[in-house]
Each structure stands twice: as C-alpha cells, then as structure tokens.
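A.B. asks: Return atomic coordinates for the entry below.
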Amino acid sequence: MRHISALYPGSFDPPTNGHLDLIERGAKIFDELVVGILRNSEKVPMFSLPERLEMLKTLTAHLKNVRIEAFHGLMVEYAKSIEATCVLRGIRAVSDYEYELQMALMNRKLEPTLETVFMMPADKYSYVSSRLVREVAQAGGPVRGLVPEVVEQKLREKLEPAYKFHDEMQEEIARTSDKHSEKRERLRKKKA
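C.D. replies: The predicted model follows:
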C-alpha cells in the first residue's frame, strides 16, 4: 500500500476557519498532511512565524496525521524534501482558480512528479481570507465565526487598541441612540 503525503502550503496569517476546514478534510484524504507555513521575507506578517506555528499546532492537535512546519524558498523543493507527492490548495472563487492553475502548472514544470489537488472550502467559508480577516480585525470589527476562538483571542490581544476604540464607539452609538429614543418619546408624549 502506497503512503500518500501531501503539503498544504500558505502564510496562514492568521489561520482562518477556511484553513482549518481544508486541513481537517485533507487529513481524511491523505495518510499524512504537512501544513507548511511559508517564511516570506518580502512580507511583514501580522503574526510572527512562532505565533502562527503555535496557533496551528494548537488547532490541529487532535489530528494525528497532521504536522505543522515552516519553510522558505521554493515550495516544490520543500515538498520534495518532505517526500510529499501532492500539494493541497483551496479555491474559493474563479479568481483563485486562475492564480492557482498558473502555480500548479509552474510547479508541474519544476517537479513533474508533484500533483496538485484543489479543494473547495465549505460554503460558509467561501469568502473568508486571511487578508479580509486582518482588515476587519484592524478596524476593530468582529471576526467571530471567521477564525477559531484561539485566533480571535490572539487578534484581540495584538490589536487591543483597535478593539477598544471599536467597543467605545459602539457604546457611544448606543448612548446617542438611547438619547434620541428618549427625546423622540418625550416629543411623542407632548404631542399626545
């Protein structure tokens, strides 16, 4: 029986419920799934590499055939070094497909033995991306349901001033709304 090892590469900055969905489903398909966190020196991540490693290890601790590692350089070289025969990639929309198809074809050119397997995320995660989660969180918006609870907590810790400002604004809006409601009620009673 052939052992099939797959690599799920990405930046995972931060890990989302969409990522976790693909990891859990990929773990059912492959004998071993390596989640490879790319160290990209050209990008300044929100979460450090150790933070992302820690979050993903916590989130996947229940999956015995999943391993979390970091890598840099060409993904195909890393895949060969861990003896992966497949690359797992998620596709949310047509725009993802166009980009991922180009990458898969280039990877095949560089390493003809490496296959790419595309998976669609669950419908409820089809619009979720790390970039959108970061943008919402940086504005102090709610990310519940988009990321696992441990990631939501880490976002709150990292972006405490944004969340504090958002919470204060929500309280101010509620107070202003209450004042307007009271004023409308007094005017209504006067007219009656």
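
A.B. asks: Can you name the residues that contact the closest residue to residue 93 other than its chain neighbours?
C.D. replies: Nearest in space to residue 93, with sequence neighbours left out and distances taken as CB to CB, 6 or more residues apart in numbering, is residue 126 at 7.4 Å. Every C-beta, even on glycine, is put in place using the N, C-alpha and C of the backbone. Residue 126 sits next to 18, 92, 93, 120 when contact means CB atoms under 8 Å, 6 or more residues apart in numbering.

A.B. asks: Mind pulling the model confidence for residue 126?
C.D. replies: Reported pLDDT at residue 126 in the predicted model: 88.

A.B. asks: gap between it and residue 21?
C.D. replies: 10 Å (CB to CB, to the nearest Å).

A.B. asks: which residue ranges form the helices in this structure?
C.D. replies: Using DSSP state H, the helices of the chain run over residues 17-29, 49-59, 75-81, 94-110, 130-138, 149-158, 160-191.

A.B. asks: Give me the buried stretch members for the shortest one, please.
C.D. replies: Spelled out, that is helix 75-81. Within helix 75-81, the residues scored as buried using 16 or more other CB atoms under 10 Å are 75, 76, 78, 79, 80.

A.B. asks: Looking at those, which is nearest residue 98?
C.D. replies: residue 75 (18.3 Å; CB to CB).

A.B. asks: I'd guessed residue 70 sits against residue 51; true?
C.D. replies: No: contact between residue 70 and residue 51 fails when scored by CB atoms under 8 Å: they sit 11.5 Å apart.

A.B. asks: And the average pLDDT for stretch 11-30 is what?
C.D. replies: Rounded mean pLDDT across stretch 11-30 is 96.

A.B. asks: How far off centre is it?
C.D. replies: 8 Å (CA atoms, centre = their mean, to the nearest Å).

A.B. asks: before we move on, the earlier item: can I get the helices of the chain in CSV including distance to residue 40?
C.D. replies: Listed next are the helices of the chain as CSV, based on distance: least, CB to CB, whole Å:
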stretch, distance to residue 40
helix 17-29, 16
helix 49-59, 10
helix 75-81, 11
helix 94-110, 15
helix 130-138, 13
helix 149-158, 19
helix 160-191, 24
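
A.B. asks: Relative to residue 4, which of these is closest?
C.D. replies: helix 17-29 (8.2 Å).

A.B. asks: which residues are contacting that closest one?
C.D. replies: Outside helix 17-29, the residues touching it (CB under 8 Å, 6+ apart) are 6, 8, 10, 12, 33, 35, 59-60, 63, 65-66, 88, 90, 92, 117, 119, 121-122, 124-126, 128-130, 145-148.

A.B. asks: buried ones in that helix?
C.D. replies: Going by 16+ other CB under 10 Å, helix 17-29 has these buried residues: 17, 18, 19, 20, 21, 22, 23, 24, 25, 26, 27.
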